[in-house]
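Asks: Here's a sequence, model it:
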Amino acid sequence: MAKATTYYVALDGNDAHPGTELQPVRTVAKGMQLAQPGDTVLLGPGYYNEALVAVRDGAANQYITVDGQGVATVLRVAVGKPYHRLQNLTVSGYTTKNGKLLNLARGGHYCVVSNVVVDVNMAQGVVGISWENPSTKPFGPDAASNCLLVSNRVTGVLGTTVISVYGASNRLIGNYIHDVGAADFMRLWGETNWIVGNTFSNNFKVEGVGNHVDFIQTFGNNQFGSWGHVLEGNRVVKVAGQLSQLEGNVVPEIGYWTFRNNLFIDIDLQASCSVPGIAYYNNTFLRCNQVNGSHVLGFGSRAYTDPARHHTIGTNYAHGAQVLNNVFLDCGDLARDNRGWYSVSKEITNCVADYNFVAKNGYGAVKQGTKAVGEDGYDTLKWFEYHGINGGNPGFVDEGALDLRLVPNSPLLGAGTNLSFLFGADKQGAMRGSHWDIGAFQFQPGATDRPGAEVPRPSAPGGLRLVLHP
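Replies: Numbering: from 1, shown residues only. Take a look at the predicted model:
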C-alpha cells in the first residue's frame with residue numbers, strides 16, 4: 001500500500017508546483033488530478049471559482065479526502081466516483097437555473113459529506129444537494145448509494161428542491177436545512193434510505209414563485225421507485241406548504257415508508273398519501289394543517305391512467321397505513337372539533353389507528369364517534385380509538401418554547417402500545433422499555449422534572465382492542 005500524501009491548494013499557488021505545503025497548486029482541479037486513493041487535498045483560505053469534480057475512484061480503506069479546513073469555498077461540487085470524503089467546506093456561488101450546487105452523480109457510492117455548508121444564496125431554481133437519478137427504472141445500481149451526509153448545513157434554496165435523493169441505503173444524519181423560499185425540503189426516491197435526526201426549519205412563501213411546497217415528496221411521473229425509507233427523529237418546523245405529497249402514479253414500487261419519533265410543528269397543510277404501507281409511529285404534531293383546516297394525515301386513493309396500456313390502474317391506494325402512538329395537538333381548524341388528526345378513505349384496507357392523543361385549542365376534546373378506522377361505518381369527521389386519549393393537557397415541559405418532552409405526570413406516560421418489535425428508542429435515543437409513552441419522547445426520570453406541573457389526566461375510551469396488520 002502506497003503511503004498517503006497530502007496535497008495543498010492555495011489561491012497564491014501555481015499548478016506547475018508539486019502541491020506541497022511550501023509549493024501549493026492553484027486550482028482545486030489540479031489537486032483532484034494529483035490525489036490518489038488514500039490521499040488528502042487541503043484547500044487554503046478563500047473562494048475558488050471552479051467546480052470540485054471527482055477524477056478517480058477511491059477505495060474502501062483509502063478514501064480520497066477534500067478538506068476545506070473551514071476556510072475554503074468552491075463554486076459547486078460533482079462527485080461521480082466512489083469513496084470520497086468532503087469536509088469542512090462551503091459550496092456557494094453557482095447560479096445556473098436547474099443546476100445542482102452539490103451533486104452526487106452516478107457511481108458516487110460510499111461517499112461521506114460532513115461539516116459542509118451548501119448556500120444557494122436565493123439563486124432561483126438551483127438545487128442544494130442532489131443525487132443523479134439511476135440509468136434504469138424503477139431502481140438502478142448506478143445511483144449513488146451507501147453515502148453518508150452528516151452535520152451539514154443547507155440554506156437559501158428558492159423555488160425548487162433543497163435535497164433530492166436517489167440510490168439505496170443512503171443516510172442523512174444530523175443536518176440543518178433552513179431558511180428556504182417556496183422550496184420542497186426533500187424529494188425522495190430509491191430504496192431503504194434513512195433520514196435521521198435532521199432539523200428542517202423555515203420554509204417560507206415568496207411572491208411570484210409558484211412552486212407547490214412540501215416538506216417531503218415523491219411521485220411516479222418519472223417512473224422511478226421509492227421504497228422502504230425511514231424518517232426518524234427529525235424536527236420539522238414552519239413550512240408554508242404541505243407536510244407531504246406521496247403519490248405512486250403508475251409506478252407500483254412506491255410505498256412502505258416509516259415516520260417515527262419526528263416533531264412536526266407549524267406546518268400549514270396536510271400530509272397526503274395514496275401509496276401503500278405508510279406508517280406513523282410516535283410522532284408529535286403541533287399546530288399542523290391549520291390553513292387548510294382539515295385532518296393532518298390523509299390516506300386515500302388516486303386513479304391514474306397508464307398511457308402505455310390506456311386504462312386506469314389501481315396501484316395508488318394507501319392500503320396498510322398505520323397510525324400509532326402519535327400526538328395531534330391544536331391541528332386542523334381550531335374552531336371545529338371534527339378536524340385535525342387523520343382520515344382514511346373507506347376503500348382503503350388493512351389500516352389501523354390507535355393509541356393516539358388528540359386535543360384542540362385549549363386542550364379541548366374532539367367530536368367522538370363509535371367506529372374506529374377499518375370498521376364499517378367509520379366516520380372521518382369523528383374521532384374514535386379504543387385506546388386513545390381524547391382531550392386534556394398532554395404535559396409538555398414547555399410548549400411555548402417547543403420543548404415537547406414530557407413532565408412526570410403527563411397522561412401520555414405509558415399510554416402507548418409497545419412497538420419494540422419494530423424499533424426501541426425515542427427521538428433522543430433513549431430506550432422506551434416495556435411501557436411506551438405517546439409522542440416522540442419517552443419520559444426519562446429526573447430529566448424534565450419541574451415543580452408545580454399539574455396535568456389533569458383525561459379518561460380514555462373503553463372497549464380495549466388493537467389489531468396490527470402486517
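Asks: C-alpha from now on. contacts and neighbour counts both.
Replies: Noted.
Asks: What are the boundaries of the strands in the stretch 1-150 of the chain?
Replies: Applying DSSP state E, counting those that start in this stretch to the stretch 1-150 of the chain gives strands spanning 6-9, 40-43, 46-53, 64-67, 72-79, 84-92, 100-104, 112-119, 127-131, 148-150.
Asks: Now mean pLDDT, distance to A335 and mean neighbour count too, for the ones you listed, in TSV please.
Replies: Below are those laid out as TSV (pLDDT from 0 to 100; distance: least, CA to CA, whole Å; neighbours: other CA atoms under 10 Å):
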stretch	mean pLDDT	distance to A335	mean neighbour count
strand 6-9	98	62	24
strand 40-43	98	57	25
strand 46-53	98	53	18
strand 64-67	98	54	25
strand 72-79	98	49	22
strand 84-92	98	45	23
strand 100-104	98	44	26
strand 112-119	98	40	22
strand 127-131	98	39	25
strand 148-150	98	42	20
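Asks: quick one: terminal-to-terminal distance for stretch 317-330?
Replies: Counting by CA to CA, to the nearest Å, you get 28 Å between the two ends of stretch 317-330.
Asks: now the strands of the stretch 1-150 of the chain in a markdown table, with distance to L231?
Replies: Output for the strands of the stretch 1-150 of the chain, formatted as a markdown table (distance: least, CA to CA, whole Å):
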| stretch | distance to L231 |
| --- | --- |
| strand 6-9 | 37 |
| strand 40-43 | 33 |
| strand 46-53 | 30 |
| strand 64-67 | 29 |
| strand 72-79 | 25 |
| strand 84-92 | 24 |
| strand 100-104 | 21 |
| strand 112-119 | 19 |
| strand 127-131 | 18 |
| strand 148-150 | 14 |
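Asks: So for E253, which of these sits nearest?
Replies: Among these, strand 127-131 comes nearest to E253, with 18.9 Å by CA to CA.
Asks: Tell me, how many residues neighbour S434?
Replies: Each residue near S434 was counted by other CA atoms under 10 Å, and the total is 12.
Asks: again, but for C351
Replies: Residues lying near C351 (other CA under 10 Å) number 24.
Asks: go on, S169?
Replies: By other CA under 10 Å, the residues close to S169 number 19.
Asks: Check G377 too.
Replies: By the criterion of other CA under 10 Å, G377 has 12 neighbours.
Asks: tell me which element the residue nearest to it when sequence neighbours are not counted is part of?
Replies: Excluding the flanking residues, the one nearest G377 by CA to CA, 6 or more residues apart in numbering is K371, at 6.4 Å. For K371, there is no helix or strand it lies in under DSSP states H and E.
Asks: what's the spacing between K371 and G298?
Replies: K371 sits 18 Å away from G298, taking CA to CA as the criterion.
Asks: Please name the nearest non-neighbouring residue to Y355.
Replies: Nearest residue to Y355 in three dimensions, chain neighbours excluded: G388, at 4.2 Å (CA to CA, 6+ apart).
Asks: Could you measure from the one you found over to D179?
Replies: 36 Å.
Asks: which one of these two has more residues nearby?
Replies: Between G388 and D179, G388 has the larger neighbour count (other CA under 10 Å), namely 26 against 18.
Asks: how close does that one get to A372?
Replies: 11 Å.
Asks: so where do the helices sit in the chain?
Replies: Assigned by DSSP state H, the helices in the chain fall at 28-34.
Asks: so where's it shaky on pLDDT?
Replies: Along the chain, the parts satisfying pLDDT under 70 run over 1-2, 302-315, 448-470.
Asks: on that earlier part again, from what I see, the residue nearest to Y355 and D354 are in contact.
Replies: Yes - with contact defined as CA atoms under 8 Å, G388 reaches D354; the gap is 5.8 Å.
Asks: Can you check which residues contact both of those two?
Replies: By CA atoms under 8 Å, 6 or more residues apart in numbering, G388 and D354 have no common neighbours.
Asks: My guess is L324 contacts Y281. True?
Replies: Yes - here L324 reaches Y281: they are 5.1 Å apart, a contact under CA under 8 Å.
Asks: for the residue lying closest to A430 once chain neighbours are set aside, what are its contacts?
Replies: Once flanking residues are discounted, A430 sits nearest to Q442: 7.0 Å by CA to CA, 6+ apart. Counting by CA under 8 Å, 6+ apart, Q442 touches R405, L406, L413, D426, A430, M431, R432, W436.
Asks: and the gap between Q442 and S420?
Replies: Distance, Q442 to S420, using CA to CA: 13 Å.
Asks: distance of F441 from V327?
Replies: For F441, the distance to V327 equals 11 Å [CA to CA].
Asks: What of Q368?
Replies: 16 Å.
Asks: quick one, which of these two is more surrounded?
Replies: Using other CA under 10 Å, the more surrounded residue of Q368 and V327 is V327, with 26 against 16.
Asks: Assess the claim that the more buried one and D354 are in contact.
Replies: No - the pair V327 / D354 is not scored as a contact, 11.1 Å apart, by CA under 8 Å.
Asks: Neighbours of K346, how many?
Replies: Neighbours of K346 using other CA under 10 Å come to 17.
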